[in-house]
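Asker: build me a model:
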Amino acid sequence: MQRIGIIGAGAWGTALAQMLCRAGRAVALWAREPEVAEAIERDHLNPTFLPGVALDPAMRVSLDLSAVARDAEALLLAVPAQYLRAICGQITGRVPLVICAKGIETGTGALLSEVVAETLPEAPLAVLSGPTFAAEVARGLPTAVTLATRDPALGQTLVAALGTRAFRPYLSNDVIGAEIGGAVKNVLAIACGIVAGKGLGDNARAALITRGLAEMTRLAMAKGGRPETLMGLSGLGDLVLTCTAPQSRNYSLGVALGEGQALDAILAERRSVAEGVDSAAAAAALAAKLGVEMPIVAAVDAILHRGAAIDDAIAALLSRPFRSEG
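Answerer: Numbering: from 1, shown residues only. As a prediction, this is how the structure comes out:
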């Protein structure tokens, strides 16, 4: 595969495009916003979503999604999770699709692979997930990711197409586990940010990461994923990165909440999407449907969407009965 189309010119889509241009691939990037496309085309910059990164002049950008999809040997879907269904409705054919978003669809509780399977059932499918800050990938810093697909031949082909010396995909056939890890870690990062914003200390953050990993694993297993996947890059690796770094959108949103800012005000100041906001409600609803206990995720959902006071949510978590670890 030499011709790669990328749907979505946010930070992550632009970073993937830059990485693949550096690897010598012919890259076409679809942008929704005309001003973003113009800046990439004219100045080789994306100041809206990926400021400070000089982009390869060979990167092509288009406002025509169908043209990008038609010419590609593989399509990387890097739009926010809640827009994926609408985007898939504009794609035709059997080009291999790589889901690069992390989230669970609100309303349906569908994993993103399930959304694609419903809308494009004949398209070969893979999921790209793991500990990835877009700016670091764009600058060529070393990064390891999970590439999950149930098609071994497709997996090998995609590794050859996407892998570089600095961007290293590790193959998995556990699509569900990789997706659950990528979606739920964003919710847990908001929780860890709240802990930091409230000044509750590093012990509390470590406890949240560890117990959050247990919640994530339970949900993955209930959906048919494997627990060992959650110990890998798309689970523990992504969780640790997102829950400990100030540049994480979800963690920084949690910090602002913990410091007393209102959610609407935080979101109004941002162009980039914090996927954990929507995924909190979707994951909590999915867990309830499947009978999976996820008290941290439920607490974040209550804070974000149900008017719960942060102090009350923390008090409820600290009042839970003592239990065996597991």
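
Asker: centroid-nearest residue for the chain?
Answerer: residue 102 (2.7 Å; C-alpha atoms, centre = their mean).

Asker: and that residue, which of the three is it?
Answerer: Secondary structure assignment for residue 102 (DSSP: H, G, I helix; E, B strand; the rest coil): coil.

Asker: grab the nearest non-local neighbour of it.
Answerer: Once flanking residues are discounted, residue 102 sits nearest to residue 182: 3.5 Å by C-beta to C-beta, 6 or more residues apart in numbering. C-beta coordinates here come from the backbone N, C-alpha and C atoms, glycine included.

Asker: any idea how far residue 64 is from the one you found?
Answerer: 29 Å (C-beta to C-beta, to the nearest Å).

Asker: okay, these two: which has more neighbours?
Answerer: A count of neighbours by other C-beta atoms under 10 Å puts residue 182 above the other of residue 182 and residue 64, at 33 against 10.

Asker: quick one: residues contacting that one.
Answerer: 102, 103, 127, 129, 130, 234, 238 (C-beta atoms under 8 Å, 6 or more residues apart in numbering).

Asker: what about 6 Å?
Answerer: Residue 182 makes contact with 102, 129, 234, according to C-beta atoms under 6 Å, 6 or more residues apart in numbering.

Asker: quick check, it in a helix?
Answerer: Yes: membership of residue 182 in a helix is supported by three-state DSSP.

Asker: for residue 52, which non-adjacent residue is closest in space?
Answerer: Of all residues not flanking residue 52 in the chain, residue 135 sits nearest, at 7.5 Å (C-beta to C-beta, 6+ apart).

Asker: do a quick rundown of the helices in the stretch 151-300 of the chain.
Answerer: For the stretch 151-300 of the chain, helices defined by DSSP state H, counting those that start in this stretch occupy the ranges 152-162, 175-197, 202-222, 238-244, 249-258, 263-268, 275-290, 295-305.

Asker: what's the most buried one of these?
Answerer: helix 175-197 (a mean of 29; mean count of other C-beta atoms under 10 Å).

Asker: using CSV, write out every CA atom in it.
Answerer: Output in CSV follows, covering the C-alpha atoms of helix 175-197 (Å, rounded to 0.1, in the frame of the first residue of the first chain):
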residue,chain,number,x,y,z
VAL,A,175,-10.4,-5.8,18.0
ILE,A,176,-12.8,-5.5,21.0
GLY,A,177,-10.1,-5.3,23.6
ALA,A,178,-8.2,-2.7,21.7
GLU,A,179,-11.3,-0.5,21.3
ILE,A,180,-12.5,-0.8,24.9
GLY,A,181,-9.0,0.2,26.1
GLY,A,182,-8.9,3.3,23.8
ALA,A,183,-12.4,4.4,24.8
VAL,A,184,-12.5,3.9,28.5
LYS,A,185,-9.0,5.3,29.2
ASN,A,186,-10.3,8.7,28.2
VAL,A,187,-13.0,8.6,30.8
LEU,A,188,-10.4,7.5,33.5
ALA,A,189,-8.1,10.3,32.4
ILE,A,190,-10.9,12.8,33.3
ALA,A,191,-11.2,11.2,36.7
CYS,A,192,-7.4,11.4,37.2
GLY,A,193,-7.5,15.1,36.2
ILE,A,194,-10.2,15.8,38.7
VAL,A,195,-8.0,14.1,41.4
ALA,A,196,-5.1,16.4,40.4
GLY,A,197,-7.3,19.5,40.2
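
Asker: so which strand or helix has the closest residue to residue 48 other than its chain neighbours?
Answerer: What sits nearest to residue 48 in space, not counting adjacent residues and going by C-beta to C-beta, 6+ apart, is residue 36, at 5.4 Å. Using DSSP states H and E, residue 36 sits in helix 34-43.

Asker: downstream of that helix, the next helix or strand is which one?
Answerer: Next along the chain after helix 34-43, taking DSSP H and E as the criterion, comes strand 60-62.

Asker: related to what we said a few turns ago, hmm, the residue nearest to the centre of the chain is touching residue 183, no?
Answerer: Yes: assessed by C-beta atoms under 6 Å, residue 102 is found in contact with residue 183 at 5.5 Å.

Asker: distance of residue 82 from residue 11?
Answerer: Taking C-beta to C-beta, one finds residue 82 at 17 Å from residue 11.

Asker: all set now, cheers.
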